[in-house]
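In: just to be clear, the model below is a prediction. Sequence and coordinates:
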Amino acid sequence: MRRYDVIVIGAGHAGCEAALSAARLGARVLLLTANIDSVALLPCNPSIGGPGKSQLVRELAVLGGEMPKAVDQTCMQVRRLNTSKGPAVQSLRAQIDRKMYQRVMRKVLEHQERLDLREGVVSEICVDDRGVAGVRLQSGRYWRARAVVLTGGTYLNAMLHYGKVHFPGGPNGQRAFSDLSASLSKMGFRLRRFKTGTPPRADGRTINYEGMIPQPGDSVERGFSLEPFQSPTTQAMCYLTYTTEKTHQLVRDNQQEAALLSGIIEGVGPRYCPSIEVRVFAFPDRSRHQVFIEPEGWDTHEVYLAGLSNSFPEHLQELIVHSVPGLEKAKITRLGYAIEYDCLYPDDLKTTLETKRVPGLFTAGQINGSSGYEEAAAQGLIAGVNAVSFIRGAPPLVIGRDEGYLGVLIDDLVTKGTEEPYRIMTSRAEYRLWLREDNCDLRLAEKAHQYGLMSQVQYDAIRAKWDGIQKKTQTLRDIRVRPQPQVQQVLEGVGSAPLTQGETLHQLLKRPEVKYENIQDIMESLGLQDDFAYPRELEVVVKYAEYLEKERRQVERFRNLEERIIPEGLDYEQVTALSREATEKLSKVRPRSLGQASRISGVSVADITTLMIYLEKRKRENEL
């Protein structure tokens with residue numbers, strides 16, 4: 001019987017990050033997966049990033065995560081989204097080669113010191129009077145561990161649905177597992193059913209692209225990781241088409257055939273990635289819905305039909321696909337399906353992702369009620385780091401809502417819970433101008449370095465970068481230009497008002513239409529050479545200075561409550577002035593701080609004031 005420090009169950013995106021982060025911090029790690037060939041599987045869309053999600057992946061990069069590096073190595077196309085909007089919602093999105101991504105991630109796992117990747121199906125999580133003790137496999141083998149990270153994904157009690165046909169199974173034809181659900185229930189955990197799904201895939205050679213709208217990639221200066229990035233010389237093309245009235249009529253006429261509409265499926269599906277049957281009935285006035293054609297890899301003709309996720313039987317899936325312009329003769333290579341699975345109530349977790357019920361047991365990914373590769377990977381890293389902190393008795397890694405989308409994601413889950421598969425979005429962040437994609441290193445480098453997730457060389461480089469941005473900002477304030485012809489010519493070229501008197505370059509850059517490259521043109525006309533390496537970050541700092549200062553003041557007020565830690569074993573029944581609802585909610589969630597308590601539904605401002613007074617009184621009594 002071998003003993004490990006940390007055992008990670010499941011080698012999806014959460015499991016990979018959990019295992020790697022724990023091993024890189026010096027723990028002995030066992031990563032167990034039912035099928036080694038399915039490591040880092042992308043069972044749904046072959047893409048990473050997008051609004052909110054892109055910020056998560058960049059934050060992972062700063063915290064030493066592997067997903068950002070793997071995406072940069074395997075991307076087929078990269079696009080910058082929301083470029084016509086402000087920097088708070090601009091984001092990167094990459095189409096990736098699914099199989100290549102898996103190979104890259106598996107190679108990293110197999111070469112990581114102190115990490116053993118092993119095939120095995122866990123049937124039971126074992127506990128003793130101290131908490132988690134290890135895991136037992138279906139084979140009967142028992143592995144001891146001081147901490148366990150469960151990343152069950154969508155495999156627990158999973159049921160696949162194609163119309164009225166349904167049978168146990170996980171994503172992409174993988175096995176489903178019921179023993180683990182039974183083990184969790186035996187330990188007292190509440191389980192619920194969620195639903196997700198995926199669209200059909202088709203042979204790209206049978207698609208007519210002529211009437212579709214091309215969606216080309218962009219040339220970008222930086223990828224997701226902290227490492228140097230070169231946009232792919234040759235980028236794959238995506239295409240956009242639309243459903244038709246014929247599509248919608250097929251859905252309406254055959255709704256009784258859809259597992260999702262017939263009552264067979266009990267689980268709640270994702271609001272922000274609905275299947276075609278949900279779209280048709282939720283938006284009856286819309287004459288069409290988008291369908292994106294996305295390549296699955298360089299070495300395959302298979303393409304992903306994003307927007308046609310459904311739970312219809314095979315013959316109807318073919319009719320629905322063929323009703324879409326350009327797909328009239330498309331040959332389906334894989335059917336779409338709906339999948340139901342067990343997951344936990346995330347308010348049973350601490351902000352560290354450790355379960356409240358069993359010490360040393362951490363959970364991450366879709367088992368926590370979230371959806372998406374990026375959300376899973378982000379939780380996996382935090383769970384892995386905190387599993388090691390738990391073993392060592394060290395302070396846990398907790399990212400605040402004011403520090404990262406990662407903090408928003410976890411705080412939303414454990415504080416508010418979720419009634420549907422949770423997806424991160426920029427609208428969920430109160431401080432999204434501060435939580436931008438381009439300043440993740442500034443926000444998180446200190447913690448990454450403190451927890452051993454970033455080298456001294458990387459940390460020094462990031463500090464030098466932002467010191468350089470500050471110095472350059474001051475330089476722009478110091479250089480004043482007059483209404484000279486060469487200056488006026490540059491301003492006229494971008495449609496900006498000419499100078500009537502002298503202005504600093506800092507004032508000129510604050511104009512919405514003026515880019516840093518225009519400032520460089522002005523400097524060059526004055527005989528000043530400039531090749532500053534971070535123009536994008538500098539522009540945001542200058543143009544949004546007043547808004548950023550306003551958010552900074554809001555963050556300071558927010559931190560005052562976040563820093564008021566609530567004793568872990570506090571008996572809220574003793575706080576007699578609390579409302580009954582607040583007492584029940586606080587006792588259930590067990591918030592870490594007054595800030596977290598204030599975000600619990602049903603806890604009023606008056607309750608927070610009462611709790612604050614009680615804690616102050618207790619503190620004074622303890623000091624006497």
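Out: Looks like it came in fine.
In: hmm, who's touching stretch 482-495?
Out: Identification of contacts with stretch 482-495 by C-beta atoms under 8 Å, 6 or more residues apart in numbering yields 481, 497-502, 508, 513-515, 518, 521-522, 525-526. In this view, the C-beta of every residue, glycine as well, is placed from N, C-alpha and C.
In: just give me the closest of these to Asp203.
Out: Using C-beta to C-beta, Lys515 comes nearest to Asp203 of the contacts of stretch 482-495, at 43.7 Å.
In: ok, of the contacts of stretch 482-495, which come out buried?
Out: Buried members of the contacts of stretch 482-495, counted by 16 or more other C-beta atoms under 10 Å: Val481, Leu499, Leu508, Val514, Lys515, Asn518, Asp521, Ile522.
In: any idea how this protein splits into domains?
Out: Residue ranges for each domain of the chain read 3-198+341-450, 201-337, 468-548, 564-623, as given by automatic domain parsing.
In: which stretches in the stretch 451-600 of the chain count as helices?
Out: 456-478, 485-493, 505-509, 516-525, 535-543, 545-562, 580-589, 594-598 (DSSP state H, counting those that start in this stretch).
In: which of those helices sits closest to Met187?
Out: With C-beta to C-beta as the yardstick, what comes closest out of the helices of the stretch 451-600 of the chain is helix 580-589 (17.4 Å).
In: can you give me the buried ones in the closest one?
Out: Ala582, Thr583, Lys585, Leu586, Val589.
In: and that helix, C-alpha only, in PDB?
Out: Below are the C-alpha coordinates for helix 580-589, written out as PDB (Å, rounded to 0.1, in the frame of the first residue of the first chain):
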ATOM      1  CA  ARG A 580     -33.800  34.200  11.600                       C
ATOM      2  CA  GLU A 581     -33.100  33.900   7.900                       C
ATOM      3  CA  ALA A 582     -29.600  35.400   8.300                       C
ATOM      4  CA  THR A 583     -28.800  32.900  11.100                       C
ATOM      5  CA  GLU A 584     -29.900  30.000   8.900                       C
ATOM      6  CA  LYS A 585     -28.000  31.200   5.800                       C
ATOM      7  CA  LEU A 586     -24.800  32.100   7.700                       C
ATOM      8  CA  SER A 587     -24.800  28.800   9.500                       C
ATOM      9  CA  LYS A 588     -25.100  27.000   6.200                       C
ATOM     10  CA  VAL A 589     -22.600  28.900   4.100                       C
END
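In: what about the strands in the stretch 301-450 of the chain?
Out: 302-306, 332-334, 337-344, 361-363 (DSSP state E, counting those that start in this stretch).
In: show me what counts as buried in the second one.
Out: Within strand 332-334, the residues scored as buried using 16+ other C-beta under 10 Å are Ile332, Thr333.
In: please name every helix or strand in contact with it.
Out: strand 201-203, helix 314-322 (3 or more C-beta pairs under 8 Å, 6 or more residues apart in numbering; DSSP states H and E).
In: what's the mean pLDDT across it?
Out: In this model, strand 332-334 has a mean pLDDT of 97.
In: run the chain-centre distance for it.
Out: On the basis of C-alpha atoms, centre = their mean, to the nearest Å, strand 332-334 sits 28 Å off its chain's mean C-alpha point.
In: what lies in contact with it?
Out: Counting by C-beta under 8 Å, 6+ apart, residues outside strand 332-334 touching it are Pro200, Arg201, Ala202, Asp203, Glu302, Gln317, Glu318, Val321.
In: got JSON lines for those, with pLDDT and distance to Pro395 too?
Out: Output for those, formatted as JSON lines (pLDDT from 0 to 100; distance: C-beta to C-beta, whole Å):
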{"residue": "Pro200", "pLDDT": "97", "distance to Pro395": "48"}
{"residue": "Arg201", "pLDDT": "98", "distance to Pro395": "46"}
{"residue": "Ala202", "pLDDT": "98", "distance to Pro395": "51"}
{"residue": "Asp203", "pLDDT": "98", "distance to Pro395": "53"}
{"residue": "Glu302", "pLDDT": "98", "distance to Pro395": "47"}
{"residue": "Gln317", "pLDDT": "97", "distance to Pro395": "51"}
{"residue": "Glu318", "pLDDT": "97", "distance to Pro395": "56"}
{"residue": "Val321", "pLDDT": "98", "distance to Pro395": "53"}
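In: got a quick PyMOL command for the buried subset of the residues you listed?
Out: A single PyMOL command selects the buried members of the contacts of strand 332-334 (16+ other C-beta under 10 Å):
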select buried, resi 200+201+202+302+317+318+321
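In: same list (the contacts of strand 332-334) but as a markdown table, adding distance to Arg252.
Out: A markdown table is the format used below for those (distance: C-beta to C-beta, whole Å):
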| residue | distance to Arg252 |
| --- | --- |
| Pro200 | 19 |
| Arg201 | 25 |
| Ala202 | 23 |
| Asp203 | 28 |
| Glu302 | 30 |
| Gln317 | 16 |
| Glu318 | 18 |
| Val321 | 17 |
